[in-house]
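A.B. asks: Sequence below, structure please.
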Amino acid sequence: MNHLTNEQTLKSLGWNEYFADHFAPYAEQGYSVGRISLEHKRIYRLMSEHGELLGEVTGKLRYEATGREDYPAVGDWVVINPRVEEKKASIHALLPRKSKFSRKAAGDTVEEQIVAANVDIVFLVNALNNDFNIRRMERYLILAWESGASPVIVLSKADLCDDLDARLAEVESVAIGVPVHVVSAEHGEGLEQLAPYLGEGKTIALMGSSGVGKSTLINKLSGSEMQRVSEVREGDDRGRHTTTHRELIRLPEGGLMIDTPGMRELQLWEADEGFRGAFDDIESIAEACRFNDCQHEREPGCAVREAIEDGTLEKARFDSYLKLQRELAHLARKEDARLKAAEKDKWKKINVEMRQRKPKR
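C.D. replies: As a prediction, the model looks like this:
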């Protein structure tokens, strides 16, 4: 990267005016910027105009963080103080995220886990074999719309599909207005359709459950064996987790790609906008209901019930809509309680500090 100017280097990493505007006050103080390419136990590898550096967050940033979402994630732009001769850097702050792909952290705690930040396009990879699941696709679409990135559906393993037209019709019924591309990465078929998304400085994230062919796709697009590929189990076509960490990878076309571990325990996170985007067809039908607060149960003049009865709307899709709506409402209640507790702890800390600083008489 030495032959590029500093500005060209940053642009090739996805830098734009949005980040430059937020960075301006830090630039005046003499700080640099870097982009997180790998995270491992709170040690970060980052790309910068000074080359590749290893970064650690400062005590101040750690102290001010209220949860996992306040720490850097892969794809984040961070404010750094580089120590070029040591190939290290101190991370002082995160620049605001232009987009973020997040999920509820695994387990019982209600905490946001940023899976990937500042993503332009999300490839939602679904296999056309026995593991094909339209309901799972709806979940991914909700998360993609909510992230602020543009979703693109990539249907992989086309060579294992007997009835492609039927599958495509199913996908198009839930992915209204979303580009859909059919590929067989194993045989190198259909990959040219993805080229327009991979231009310089564009950041793409791959999402999909284990065994759908994400690693094979990355290997083909990157032109090297970047990711180990696992065999899928016989019987259900489900794969084992091959990717164990998130990483930002440079592609030959100039784009950047984030691979993420297969997410079997995919739980929604604050997805109001994304929910509306993914279920726009149902929301549009509901606007014709006689009552504004129609629950689509036994109310007279319910347009949604009519659409199910006349076959315009598939009942399974409506059931999925209700299930995901309940899940979001439950999460919202738990998150509200967590925020209140975090705020209480923060003020408790401040009060303790103030008491300690008070001069003794």
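A.B. asks: Relative to Asp120, how far out is Glu306?
C.D. replies: Distance, Glu306 to Asp120, by Cβ to Cβ, to the nearest Å: 39 Å. C-betas here are computed from N, CA, C, even on glycine.
A.B. asks: neighbours around Gly177, how many?
C.D. replies: 8 (other Cβ atoms under 10 Å).
A.B. asks: The residue nearest to Ala117 when sequence neighbours are not counted is in what secondary structure piece?
C.D. replies: Nearest residue to Ala117 in three dimensions, chain neighbours excluded: Gly75, at 3.9 Å (Cβ to Cβ, 6 or more residues apart in numbering). Under the criterion of DSSP states H and E, Gly75 resides outside all helices and strands.
A.B. asks: residue contacts, Gly75?
C.D. replies: Arg35, Ile36, Ala116, Ala117, Asn118, Val119, Thr203, Ala205, Leu248, Ile258 (Cβ atoms under 8 Å, 6 or more residues apart in numbering).
A.B. asks: In strands, which of those appear?
C.D. replies: Arg35, Ile36, Ala116, Ala117, Thr203, Ala205, Leu248, Ile258 (DSSP state E).
A.B. asks: what's the closest of those to Ala144?
C.D. replies: Nearest to Ala144, judged by Cβ to Cβ, of these is Ala205 at 8.9 Å.
A.B. asks: is it true that that closest one touches Phe123?
C.D. replies: Yes - between Ala205 and Phe123 there is a contact under Cβ atoms under 8 Å: 7.1 Å.
A.B. asks: Give me the distance from the host helix or strand of Ala24 to the chain's centre.
C.D. replies: For Ala24, the host element (DSSP H and E) is helix 17-28. The gap between where helix 17-28 is centred and where its chain is centred comes out at 24 Å by Cα atoms, centre = their mean, to the nearest Å.
A.B. asks: Give the buried residues for it.
C.D. replies: Phe19, His22, Phe23, Tyr26 (16 or more other Cβ atoms under 10 Å).
A.B. asks: Ok, stretch 36-44 next?
C.D. replies: So stretch 36-44, judged by 16+ other Cβ under 10 Å, has buried residues Ile36, Ser37, Leu38, Glu39, Tyr44.
A.B. asks: which residue packs closest to Glu247, ignoring adjacent ones?
C.D. replies: In space, Glu247 is closest to Leu38, 5.0 Å off (Cβ to Cβ, 6+ apart).
A.B. asks: for the stretch 251-361 of the chain, which spans come out with low pLDDT?
C.D. replies: Applying pLDDT under 70 to the stretch 251-361 of the chain flags the ranges 260-278, 325-351, 353-361.
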